[in-house]
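K.L.:
From the sequence below, what's the structure:
(one chain, ligands or ions: 1)
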Amino acid sequence: MDSLFIFFSFIFGLIFGSFLNCLIWRLYEGESMAGRSHCRSCKKIIHWYDNLPVISYLLLGGHCRYCKKHISWQYPIVETLVGFLFMLVILRLKQEFGSMEAWNLDQVLILARNWFLVSTLVVIFIMDLRWYVILDKVSLTAVAVMLGLNLYLGFSWQSLLISATIGVSFFLIQFLVSRGRWLGGGDLRLGLLLGVSFSWPEVLATIFLAYGIGALVALALLAFGKKHWGSKLPLGTFLSVAALIILLYGPTIINWYLNLINWR
Ligand SMILES: [Zn+2]
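P.N.:
A predicted model of the protein is given here:
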């Protein structure tokens with residue numbers, strides 16, 4: 001039975017990824033979510049059979065049926081990515097809670113919460129990577145949802161306050177020192193989102209991991225001559241990747257690190 005749940009979480013992730021693609025474009029261009037999907041070039045309505053996650057992209061060879069314009073790689077990549085992430089989230093929780101058939105309502109809610117966080121992080125990842133923006137509509141909505149759910153699930157507000165303070169102040173200090181040149185207000189609100197989503201050791205682990213990944217990517221880009229010193233890099237993209245890794249493997253990574261430095 002569990003394998004059926006895992007399979008369906010992958011399928012659900014594919015479909016939800018398709019919705020997120022649509023959300024990303026419409027948020028960026030300020031379009032409403034109402035109205036049917038249309039080709040970004042010729043504006044023709046896309047029929048359901050041309051709108052199946054990944055499959056339609058492959059069948060159409062990555063081109064619009066009508067105007068033959070190339071369809072962005074973002075579509076199949078995000079769909080597949082969200083499919084795998086939804087599946088990894090459920091597998092991770094299965095380790096903690098045991099067989100899904102015996103999950104109680106709170107445990108199902110934790111699954112929904114983690115899927116929501118994953119979806120938010122994927123949206124921030126893509127938008128910051130492509131356009132260097134983290135929209136308040138995305139980050140602040142997610143802060144409200146995560147805060148509400150975590151309080152409902154019985155997390156203490158004191159510990160949420162501590163991790164939120166750490167999440168925000170880390171970026172606030174840099175923001176003030178650099179007078180907004182190193183990072184933007186969007187990063188501050190992402191820090192707040194991390195704070196209301198994770199415990200404080202996880203917030204710190206996410207930040208360190210993000211800077212580590214960022215440094216490696218920056219070095220690689222410099223080495224291949226794609227960027228030069230002082231080029232802008234999307235901090236939100238690195239933070240999203242790090243937060244996804246911590247969400248899925250946080251306790252394992254933190255324990256490994258503490259053992260490494262002989263903390264215990
Ligand atoms: Zn078209």
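
K.L.:
Okay, now the unreliable bits of the chain?
P.N.:
Along the chain, segments meeting pLDDT under 70 span 230, 263-264.

K.L.:
try it again with 90
P.N.:
1-2, 29-41, 43, 48, 51, 174-175, 177-186, 222-234, 250-264 (pLDDT under 90).

K.L.:
tell me which parts of it are close to the ion?
P.N.:
The chain comes close to the ion at residues 39, 41, 42, 64, 66, 67, as judged by Cβ under 5 Å from the ion. Glycine gets a C-beta too; all of them are placed from N, C-alpha and C.

K.L.:
May I see the buried residues of stretch 131-147?
P.N.:
By neighbour count with 16 or more other Cβ atoms under 10 Å, stretch 131-147 contains the buried residues 133, 134, 135, 138, 139, 142, 143, 145, 146, 147.

K.L.:
How much space separates the fourth one from the ion?
P.N.:
The reference is to residue 138. Residue 138 is 27 Å from the ion, where distance means Cβ to the ion, to the nearest Å.

K.L.:
which residues sit in contact with that residue?
P.N.:
Counting by Cβ atoms under 8 Å, 6 or more residues apart in numbering, residue 138 touches 27, 120, 123, 124, 127.

K.L.:
Residue 34: how many residues sit nearby?
P.N.:
As a burial measure, residue 34 scores 6 neighbours (other Cβ atoms under 10 Å).

K.L.:
Just list the residues touching it, thanks.
P.N.:
For residue 34, the contact set (Cβ under 8 Å, 6+ apart) is empty.

K.L.:
just the one 3 residues further on next, same as before
P.N.:
Counting by Cβ under 8 Å, 6+ apart, residue 37 touches 22, 45, 46, 51.

K.L.:
Tell me where this protein has helices.
P.N.:
Assigned by DSSP state H, the helices in the chain fall at 2-29, 55-59, 74-97, 105-131, 136-152, 157-177, 185-197, 200-223, 235-260.

K.L.:
any idea which of those helices is most buried?
P.N.:
helix 185-197 (a mean of 25; mean count of other Cβ atoms under 10 Å).

K.L.:
quick check: angle from that helix to helix 235-260?
P.N.:
40 degrees (axes from the mean of the first three to the mean of the last three Cα atoms, to 10 degrees).

K.L.:
What distance do you get for the nearest residue to residue 101 once chain neighbours are set aside to the ion?
P.N.:
Distances taken as Cβ to Cβ, 6 or more residues apart in numbering place residue 1 nearest to residue 101, at 5.6 Å, with adjacent residues excluded. Counting by Cβ to the ion, the separation of residue 1 from the ion is 43 Å.
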